[in-house]
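K.L.:
Provided below for reference: sequence and predicted model.
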Amino acid sequence: MNRTQLSEISWEDFSCLAGGRKGVVLPVGSLEQHGPHLPLGTDTLIVEAVAQRIAEETGWLVAPPLSYGYKPQPGSSGGNSFPGTCSLDGHTLILLVKDVVRELLRHRLQRIMVLDGHYENSLFLNEAVDLAIRESNCKDAKVVVARWFELVPNDFFKELFADDFQGMALEHASKVETSLVLAINEDLVKKDKMRDDAPLRRENYVVLPEQPEFIPRSGVLTGVFPASKDRGQRLFQRIVEECVKILKKEFS
């Protein structure tokens, strides 16, 4: 069986995997604005592409992606008010991921990587996995929750983007994600719509309800340039390499 997509194999194929050494990557993204130049599904697009490459290099399977995430925050994703942004409450996200992971464990797929592409999902995924393992009572289970944007050292981002890189916290819809989408599917990037932007205010605290001055008008948190396909390809390969290292370290 050479297929890597869990949704494309039969139940008989699946039954051969149970209790074996093959694992599954569960990509989790979001459906949210990424400026006027990137698609709403950018977060999901990135983790799904990374998961597919991981599967090709390791023989693991890829579960159907979860394409909705927790509510974007003004200071990290531009807020929840843009047209097309469709979000989950934290409780809903926890229950969704918990059920999926629990079902994989129930079918004795006990080696799982949850690959996160959306900053705000973070602690909700940790909680979901913890609850799934507890409910499944599966003693041999091991689940890694990895966030691609935390796997790559800052020095590598600096190497790619020099002083234009100001940290991943400000990179929503900016040069990093734009470069990755250019590398994954260049046709999805509206190059004539690429522009630098920033909110009028940045603070180290949250104000609710959302305040307009904390949200950039275009949804881009910082500079888009110098985004490029070549930089995206180099970054994409580094993300895959870091993920494969984790699988070898944790599941060998």
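P.N.:
Thanks, I have it. The structure presented is a predicted model; accordingly, all values stated were derived computationally and were not measured. Numbering: from 1, shown residues only.

K.L.:
Helices of this protein, start to end?
P.N.:
Ranges of helices in the chain, per DSSP state H, are 11-15, 42-58, 74-77, 90-106, 122-136, 148-151, 154-161, 175-185, 229-251.

K.L.:
Tell me which of those helices approaches Tyr68 most closely.
P.N.:
Ranking the helices of the chain by their distance to Tyr68 (criterion: CB to CB) puts helix 90-106 first, at 7.6 Å. C-beta coordinates here come from the backbone N, C-alpha and C atoms, glycine included.

K.L.:
what distance separates that closest one from the centre of its chain?
P.N.:
On the basis of CA atoms, centre = their mean, to the nearest Å, the separation between the geometric centre of helix 90-106 and that of its chain is 16 Å.

K.L.:
Need the CA coordinates for it. CSV is fine.
P.N.:
Provided in CSV are the C-alpha atoms of helix 90-106 (Å, rounded to 0.1, in the frame of the first residue of the first chain):
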residue,chain,number,x,y,z
GLY,A,90,-11.8,27.1,22.3
HIS,A,91,-14.1,24.5,23.8
THR,A,92,-15.3,23.3,20.4
LEU,A,93,-11.7,23.0,19.1
ILE,A,94,-10.7,20.9,22.1
LEU,A,95,-13.7,18.6,21.7
LEU,A,96,-13.1,18.2,17.9
VAL,A,97,-9.4,17.4,18.2
LYS,A,98,-9.9,15.2,21.2
ASP,A,99,-12.5,13.1,19.4
VAL,A,100,-10.3,12.6,16.3
VAL,A,101,-7.2,11.7,18.3
ARG,A,102,-9.2,9.4,20.6
GLU,A,103,-10.6,7.6,17.5
LEU,A,104,-7.2,7.1,16.0
LEU,A,105,-6.1,5.6,19.4
ARG,A,106,-9.2,3.5,19.6
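
K.L.:
Next, the distance between the ends of stretch 179-199.
P.N.:
Terminal residues of stretch 179-199 are spaced 21 Å apart (CA to CA, to the nearest Å).

K.L.:
Could you give me the buried positions within that stretch?
P.N.:
Residues of stretch 179-199 classed as buried: Ser179, Leu180, Val181, Leu182, Ala183, Ile184, Val189, Met194, Asp197, Pro199 (neighbour count, 16 or more other CB atoms under 10 Å).

K.L.:
With stretch 229-249 instead?
P.N.:
Within stretch 229-249, the residues that count as buried by 16+ other CB under 10 Å are Lys229, Arg231, Gly232, Leu235, Phe236, Arg238, Ile239, Val240, Glu242, Cys243, Ile246, Leu247.

K.L.:
now swap in stretch 198-205 and tell me
P.N.:
When burial is assessed from 16+ other CB under 10 Å, stretch 198-205 yields the following buried residues: Pro199.
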